[in-house]
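Novice: Let me see the structure of the following:
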Amino acid sequence: MKPAKTIGAVAAAIILATASTGIYAAQKNSPVELTADTIEYDSVQGIMVAQGGIRLTQDTAIITGAKAEYNTKTKEAYVAGGVKAVDRDATLTAAEIRAYGNSHLIASGDAELVKGDSRLTGPKVEYFTDREYAQVAGPARLATPDSVMTAGMLEAFIREDRAVGKGNVHIVSDKHKLDATADQATYYGAKAQESPNKVILSGNARAVQDGNTLTGNTLTIYLDDKAMQADGGRNKLVIRPQ
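Specialist: I've put the predicted structure just below:
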């Protein structure tokens, strides 16, 4: 016999370890509903295992998958089998999700985090809720309404609306008529406090905008103004006649 309060606490822990990690922090005292084909709980080991049609619900957060495990002693959670976590304007999907405490999350296997109108994808997404920081293993891709950035690795500073791409960075923006490549790029979104809608390219940087090509070691692109600036080393600008 599994006490309802114990199962509820375990389900709440999984909700907090997954949905709240970068999606939305559900209230700890909110009612939790866990449904599955089978639910087993070992109170001695502190391990809960649920299998078949997993559905965890708390407040606005809903997590579905094929299997879920949680260790009440280590506070480690594992959800596998077409995992999908949805809360308000955020959706996280992956083959599996591992959570450590309530602050560290690793989504693996075609991981995709959609937050508002931005989409972050890669084979593995690692997220730290206390810093609102995500790291995506390559090939990584960040799609926003304005542009698409691909790189060998991506870092997303969600609170700052800033993203850093490293290794074979490629940025394409139809809106701003921009195609740029570099070893590294820092993208400042529309909500960034430091020079919003700006891209800084460094290392073998090349940017083509409106047919004009600028190459150099460090390039700064002001997206709203359709302006480019080159600094450091030898730079080259090729202007296409209108």
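Novice: List the contacts of the helix or strand containing Val136.
Specialist: Assigned by DSSP states H and E, Val136 belongs to strand 133-143. Contact with strand 133-143 is made by 22, 111, 113, 118-128, 148-158, 163, 165, 167, 187, as judged by CB atoms under 8 Å, 6 or more residues apart in numbering. To be clear about C-beta, it is placed using only N, CA and C from the backbone, and glycine gets the same treatment.
Novice: Check which residues of it are buried.
Specialist: Neighbour counts using 16 or more other CB atoms under 10 Å place 133-136, 138, 140-142 of strand 133-143 among the buried residues.
Novice: hey, where'd the helices end up in the chain?
Specialist: Counting by DSSP state H, one finds helices in the chain at the ranges 4-18.
Novice: Can you give me the neighbour number for the closest residue to Leu178 other than its chain neighbours?
Specialist: Leaving aside its sequence neighbours, Leu178 sits nearest to Gln209 (CB to CB, 6 or more residues apart in numbering; 4.9 Å). Gln209 has 18 neighbours, counted by other CB atoms under 10 Å.
Novice: ok, Gln209 - contacts?
Specialist: Residues counted as contacts of Gln209 (CB under 8 Å, 6+ apart) are 176-179, 221, 226, 228.
Novice: Domains in the chain, by residue range?
Specialist: Here the domain parsing of the chain from automatic domain parsing is 1-100, 131-242.
Novice: Go through these and find the least confident stretch.
Specialist: Across the domains of the chain, domain 1-100 has the smallest mean pLDDT, namely a mean of 72.
Novice: ok, and what's touching stretch 162-169?
Specialist: With CB under 8 Å, 6+ apart, stretch 162-169 has contacts from 138, 140, 142, 149-157, 171, 180-189, 192, 194, 201.
Novice: Show only the entries of these found in strands.
Specialist: 138, 140, 142, 149-157, 171, 180-188, 201 (DSSP state E).
Novice: and the gap between Ala107 and Asp231?
Specialist: 37 Å (CB to CB, to the nearest Å).
Novice: filter the contacts of stretch 162-169 to the buried ones?
Specialist: 138, 140, 142, 149-151, 153-157, 171, 180-189, 192, 201.
Novice: neighbours around Ser118, how many?
Specialist: Quick note: Ser118 (other CB under 10 Å) scores 17 neighbours.
Novice: ok, it - contacts?
Specialist: Contacts of Ser118 (CB under 8 Å, 6+ apart): 142-144.
Novice: Off-centre distance for stretch 73-83?
Specialist: Put simply, stretch 73-83 sits 18 Å off its chain's centre (CA atoms, centre = their mean, to the nearest Å).
Novice: between Ala107 and Asp231, which one's more packed in?
Specialist: Comparing Ala107 with Asp231 by other CB under 10 Å, the one with more neighbours is Ala107, at 30 against 12.
Novice: distance of the nearest residue to that one once chain neighbours are set aside from Glu112?
Specialist: In this structure, Ala107 finds its nearest non-sequential neighbour in Ala94, 3.8 Å apart by CB to CB, 6+ apart. Distance, Ala94 to Glu112, using CB to CB: 7 Å.
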